[in-house]
Every structure is written in C-alpha cells, then in structure tokens.
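Participant: Need a 3D model of the following:
(one chain, ligands or ions: 1)
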Amino acid sequence: MKHVLITGGAGFIGSNLAIRLVREKGCQVTIYDNLRTGSLANLEEVRHNPLLDFQEGDILDLPKLSDTMKGVDTVFHLAANADVRGGQSNRRIDLDQNTVGTWNVLEACRVNQVARYFFASSATVYGEPDIFPTPETMPLIQTSVYGASKLAGEAMAQAYSEYDDMQVVIFRFVSWTGPSYSHGVVRDFCGKLKQNPGCLHILGDGTQKKSFLDVRDGINGLLHAADHGTGRVQIYNVGHDEWVNVNEVAETVVDALGLTGVQFDYGGGERGWKGDSPLVLLDTTRLKSLGWSAGIGILQSIRDTVQSLKKAGLA
Ligand SMILES: NC(=O)c1ccc[n+]([C@@H]2O[C@H](COP(=O)([O-])OP(=O)(O)OC[C@H]3O[C@@H](n4cnc5c(N)ncnc54)[C@H](O)[C@@H]3O)[C@@H](O)[C@H]2O)c1
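Facilitator: Numbers count the residues shown, from 1 in each chain. You can find the predicted model right below:
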C-alpha cells in the first residue's frame, strides 16, 4: 500500500481511514469524492499534509476517475449512496450510485492495473437471516434495494478479480458510530431531540436489536485485513460482539444530551421501515482470526458520537 485511492474519502468512514493511512502508515493517499454527503472539514487534520491529495470528482465520471487513479496500487471503494431507507421511494439511486458506480471503479482499477481493491459492503446483504451471530457463509436474500446494490458490487468485484488477478477484500459492515459520524439512528435521534427535547419519535417498536461498531475499531479492522489477510477474494464481517436494542440507543442519546423526562413515541411494528433488518449481529470470527478485536463498547461509542455531533452543532 504505497499509493492508495479512497473513493468517498471525505465521508464518515473514508476520512477516518485517510487520516490513519497518512499518519500511521505513511501512505500517499488520493481522495476522490464529489462532496455530496462528505466534507473537507472531516479531513482538516491532514488537509495540508503533503501525503494527502484531494480530487473532487464523481465515480460516475469514468474518464476522470481513471485518470485520477494513475499510479495507484490500492483502492478503497467507499463512495456510495449510504442511505438504506431511501431506496424504497427512489428505486434508481442505489443502481446508479452503488451498482454502476462500483462497476466504474472496477473498470478504472482494471485500466490502471490496481493490485488490491477493498470494498465497503454491508450487513444488509444478509436481509433477515435466521442465525445470530450471522456468519459470512449465510445465504444472501435481499430485503432492500441498497442491500441488493451492495451484493451486486461484491459479485462484480469477484468477477474482476478472476479476470484481472486483482486481490479483492469485501467488508460487510454493521452500523458504525464515532467521530465525523454522518448519518444513522444516533444522528436522527439527536436531530429530532434538537427540534423537540420533550419527545422522541422512534421508528418501529424500539425492540429492534442491532450491533454497532466504533469507527476507530472499524478502521483497525480494515487495516488488519490489509496487513494480514491472504487469498485472492476475501470476505469479512466487521462488527461488534455486543448488540443493543433501539430503546437502549435512545436512552443513551437522551442521557448523553443531558435531557430528562423525554417521552418516547413509537411508529410501531417490528421493523423501522420496509427493508430494515430488525436484528443485526455479525459473526466476526474470520476477522478476529487475523488478530483484530473491537475494544470500544457500543454505548460508549454512542456517547462519544453524541459529543462529536454536539461539537459540530448537530445535537
Ligand atoms: N456508516 C455505516 O454505518 C455503514 C454501514 C454499512 C456500509 N457502509 C458503507 O460504507 C461506505 C462509507 O459510508 P459512510 O458512512 O462513510 O457514508 P458517507 O455518506 O459519510 O460517505 C460517503 C462518501 O462518498 C461520497 N460520494 C457519494 N457518492 C459519490 C459519487 N457518486 N462520487 C464520488 N463520491 C461520492 C460522499 O460525498 C461521501 O463523502 C459506503 O459505501 C456505505 O454504503 C456504511
């Protein structure tokens, strides 16, 4: 990993990865991002480091992407529409941004003979599994267009690996929390409580139970796989051994904001929305066998996330 390109490197996960690659690994890092949901503020710490180069561009612009990828040996493809919920009303966005976008990134890798490709997939590819913790070998039956687009991206990468002898590492993430957090339940709750500190509307019945992972542990996992993983195609679940229900998330957010007497009001039903996976707990034995483990508790990470949202004026 001498010269790494991160698509979506100005986003939540990408910026945390870029900072670690520059600071700890001394890699030359090129970020390719259209700033749709990302921000240069996330990269402030390394913005003027000579190892970091930011290129504003869209992964759907294949000529520009290929040109920017010249001389790159490793690609972390994180750019995507990361909003799982929106796919029911907008059936096109995941196809364009995630499926076609991923194909473009793979094409640019092929043209530039990139040696290693890392892909941000998601626990959503498991849909509603019936084994917990869910192993990587679980059959994949889709319940959301977002999940389907991630699965298409995984499959496409596997085929490119076969044709072009490129190493492919696929990560299936649970929901991440921590510094620079951009979207998800903690941000939703903070936003709602900012508007109305007396009442919190919760999607579903609050008993949905999910695993979360702090971004600092998550990046450790990605770097562990990069350093120790072997095999032409590798697939790793990236998550925590713990899971918490949505009510516990809500109580932790309320507490971290210093609020009292907040009423919870429920949308009802087992799922937050159609396509939501109500139970998420991944078996991370495979990644742990490389020597990685999560060290930050879920509730602690949620508290840290609330503090970082407060600092950013979002809570
Ligand atoms: N955050 C999570 O909990 C989570 C869970 C599972 C999977 N993932 C996946 O991890 C990746 C990173 O997620 P994140 O939470 O950092 O999201 P994010 O929205 O914070 O970051 C995505 C980045 O990609 C950029 N981007 C989006 N579309 C682009 C395009 N067409 N061209 C160029 N850049 C574009 C955005 O500007 C942003 O900087 C995504 O692929 C997401 O689907 C995230």
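
Participant: The residue of the chain most remote from its centre: what's it in contact with?
Facilitator: Here the chain reaches farthest from its C-alpha mean at Gly261, the gap being 33.1 Å by C-alpha atoms, centre = their mean. Going by C-beta atoms under 8 Å, 6 or more residues apart in numbering, Gly261 touches Gly198. Quick note: C-beta positions are derived from backbone N, CA and C, even for glycine.

Participant: And for Gly297?
Facilitator: Counting by C-beta under 8 Å, 6+ apart, Gly297 has contacts Glu242.

Participant: ok, the closest residue in space to Val168 that isn't next to it in sequence - how many residues close by?
Facilitator: Leaving out its chain neighbours, the residue that sits closest to Val168 by C-beta to C-beta, 6 or more residues apart in numbering is Ser161, at 4.2 Å. The number of residues packed near Ser161 is 20, by other C-beta atoms under 10 Å.

Participant: Please report how far Ser161 lies from the ligand.
Facilitator: Distance, Ser161 to the ligand, by C-beta to the nearest ligand atom, to the nearest Å: 19 Å.

Participant: There's contact between that residue and Arg232 in this structure, I believe.
Facilitator: Yes - here Ser161 reaches Arg232: they are 5.6 Å apart, a contact under C-beta atoms under 8 Å.

Participant: who touches both of the two?
Facilitator: Taking C-beta under 8 Å, 6+ apart as the contact rule, Ser161 and Arg232 both touch 167-168.

Participant: in the stretch 151-300 of the chain, which spans are helices?
Facilitator: 185-195, 215-228, 246-256, 285-288, 298-311 (DSSP state H, counting those that start in this stretch).

Participant: Which pLDDT value belongs to the residue nearest to Val168?
Facilitator: Ser161 carries a pLDDT value of 98.

Participant: show me the contacts for it.
Facilitator: By C-beta under 8 Å, 6+ apart, the neighbours of Ser161 are 117, 167-168, 232-233.

Participant: how does it look with 10 Å?
Facilitator: Under the criterion of C-beta atoms under 10 Å, 6 or more residues apart in numbering, the neighbours of Ser161 are 106, 109, 117, 167-170, 232-234.

Participant: do the same with Val111
Facilitator: Per C-beta under 10 Å, 6+ apart, neighbours of Val111: 62, 65-67, 69-70, 164.

Participant: what about the nearest residue to Val100 once chain neighbours are set aside, which SS state?
Facilitator: Among residues not flanking Val100 along the chain, Leu60 sits closest, at 6.8 Å (C-beta to C-beta, 6+ apart). For Leu60, the secondary-structure state derived from DSSP: H, G, I helix; E, B strand; the rest coil is coil.

Participant: what about the nearest residue to Ser39 once chain neighbours are set aside, how many neighbours?
Facilitator: Distance criterion C-beta to C-beta, 6+ apart; nearest residue to Ser39, sequence neighbours excluded, is Ala10 at 5.9 Å. Neighbour count of Ala10, defined by other C-beta under 10 Å: 26.

Participant: Ok, Pro197 next?
Facilitator: 15.

Participant: which residues sit in contact with it?
Facilitator: So Pro197 contacts 254, 257-262 (C-beta under 10 Å, 6+ apart).

Participant: at 6 Å instead, please
Facilitator: Leu259 (C-beta atoms under 6 Å, 6 or more residues apart in numbering).

Participant: Could you do the one 3 residues further on as well?
Facilitator: Neighbouring residues of Leu200 by C-beta under 6 Å, 6+ apart: 192-193, 250, 262, 264.

Participant: Check the gap between it and the ligand for me.
Facilitator: With distances taken as C-beta to the nearest ligand atom, Leu200 is found 21 Å from the ligand.

Participant: For that residue, give me the pLDDT.
Facilitator: For Leu200, pLDDT reads 97.

Participant: hey, what's it bridged with?
Facilitator: Phe264 (DSSP bridges).

Participant: what do you get for Val244?
Facilitator: Here Val244, judged by DSSP bridges, has bridge partners Lys210.

Participant: re earlier: could you flag which of the contacts of Ser161 are buried?
Facilitator: 106, 109, 117, 167-170, 234 (16 or more other C-beta atoms under 10 Å).

Participant: Among those residues, pick out the one closest to Asp83, please.
Facilitator: Ile170 (20.6 Å; C-beta to C-beta).

Participant: Quick one: residues contacting the closest one.
Facilitator: 119, 121, 154, 235.

Participant: Got a PyMOL select line for the buried ones in the contacts of Leu200?
Facilitator: Of these, the buried ones can be selected in PyMOL as follows, counting by 16+ other C-beta under 10 Å:
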select buried, resi 192+193+250+262
